[in-house]
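1. got a predicted model here, sequence first, then my questions.
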Amino acid sequence: MGYLEDITKKAYSAIKENPYIALPATLIWIPSALLGIVLFLGTKNIIETNTLISIIESLKSDPTMLFYSLWAIAKDYLIYSLAILFAIIILHYYIKATYSVIAKAIHQNKPVSIFEALLESKKRIVALMITDALLILIAFMAVIAVLVIEIPICIFLGPIGIILLLFVDFFLFFAGLVYLVLLSIISISVVVLDKKSGLDAIKESYRLIKYEKLDSWLLIILVFIISSIYIFLVSAVVEIFSLLIGPYAVLVGTILHVFLPVFGYICYTLLYFHLKEKIKEPAH
């Protein structure tokens, strides 16, 4: 279990010595801020155009007309919001891919170049999205398959069968969730560093975690615990700063929180390298 400590220490040291590596994670701030502004303006426009009393009266008299009038006001804001949301999703995958490349340099004790990491990782965004979509599809199909099997059993056994299957479903859900999280995390590095995608990436991710499921899950729990403690400490700092600098304390908190996903992504990529070494296979 000593490698868990080594991974978290290495990730922490990398961030401490090179805090600038958190910069790619801030890319998502711009579209997130734009989304907030668009939603605010859309809500403000609807409120200014329709009072609560007029909305209630329209609901009573002609709800269809109310829907069309609200849609006429909100449709542009909705389109903008969906476009920005799509940009946020793409940036989310871009950031994940970038930190796999950055963590590779950290693992190899090489200088970290954010520019090179951004250039290299942008080629794997689509592959990451396809792999995640396939994982979700597989999970959905597994749920459907379980339901198809269980419904006849419930009909045949009645209430007793339903109770028994509830316990079975609980364990199936937990085991499935563990596998889904592990595969999702390891597949990031497999897609970006091994240049695989889709079903090939999922198969390779499963092969890597096959004999190290418990240790891999323990790292995720450890990262979660560390993150929770960090969030608590940051919240305390924000509370203290709010007395001194007022609303600017929120900005301080936002800047401090950006290190959380960076720490997680680096830890997960270092776990990928550990699993590669565990099965005596050279990492890319």
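-> On my side now, so go ahead.
2. following element in sequence after the host helix or strand of Ser100, please.
-> Secondary structure here is read from DSSP states H and E; on that basis Ser100 sits in helix 63-107. Sequence order places helix 114-121 as the next helix or strand after helix 63-107, per DSSP H and E.
3. what comes up buried for the helix or strand that that following helix is followed by?
-> Counting by DSSP H and E, the element after helix 114-121 in chain order, helix or strand, is helix 125-157. Going by neighbour count (16 or more other CB atoms under 10 Å), the buried part of helix 125-157 is 125, 127-129, 131-132, 134-135, 138-139, 146, 150, 154. From N, CA and C alone the C-beta is placed, and that goes for glycine too.
4. show me what helix 125-157 is packed against.
-> Helix 125-157 makes packing contacts with helix 63-107, helix 159-193, helix 198-209 when contacts are defined by 3 or more CB pairs under 8 Å, 6 or more residues apart in numbering; DSSP states H and E.
5. okay, the ones you listed in CSV with mean pLDDT, distance to Lys278 and mean neighbour count next?
-> CSV is the format used below for the helices and strands packed on helix 125-157 (pLDDT from 0 to 100; distance: least, CB to CB, whole Å; neighbours: other CB atoms under 10 Å):
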stretch, mean pLDDT, distance to Lys278, mean neighbour count
helix 63-107, 81, 14, 17
helix 159-193, 81, 12, 17
helix 198-209, 87, 8, 19
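6. how about those helices in CSV, adding distance to Ile225?
-> Output for the helices and strands packed on helix 125-157, formatted as CSV (distance: least, CB to CB, whole Å):
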stretch, distance to Ile225
helix 63-107, 20
helix 159-193, 15
helix 198-209, 20
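7. out of those helices, the one nearest Ile266 is which?
-> Shortest separation from Ile266 across the helices and strands packed on helix 125-157 is recorded for helix 63-107, at 4.5 Å, computed as CB to CB.
8. so how far is that closest one off the chain centroid?
-> Taking CA atoms, centre = their mean, to the nearest Å, one finds helix 63-107 lying 14 Å from the centre of the chain it belongs to.
9. thought Leu118 was touching Ile21?
-> No: proximity of Leu118 to Ile21 does not meet the contact threshold set by CB atoms under 8 Å, at 11.5 Å.
10. those two: which is more packed in?
-> More crowded of Leu118 and Ile21, by other CB atoms under 10 Å: Ile21, with 23 against 18.
11. taking the buried residues of helix 125-157 together, which two end up most distant?
-> Taking CB to CB as the measure, the buried residues of helix 125-157 reach their widest spread between Ile125 and Cys154, a distance of 42.9 Å.
12. separation between Leu23 and Ile30?
-> Going from Leu23 to Ile30 by CB to CB, to the nearest Å gives 13 Å.
13. ok, now Phe259?
-> When distances are taken as CB to CB, Phe259 and Ile30 turn out to be 18 Å apart.
14. so between those two, which is more surrounded?
-> Neighbours were tallied for Phe259 and for Ile30 using other CB under 10 Å; the higher tally belongs to Phe259 (19 against 13).
15. and that one, how far from Ala14?
-> Counting by CB to CB - Phe259 and Ala14 are separated by 11 Å.
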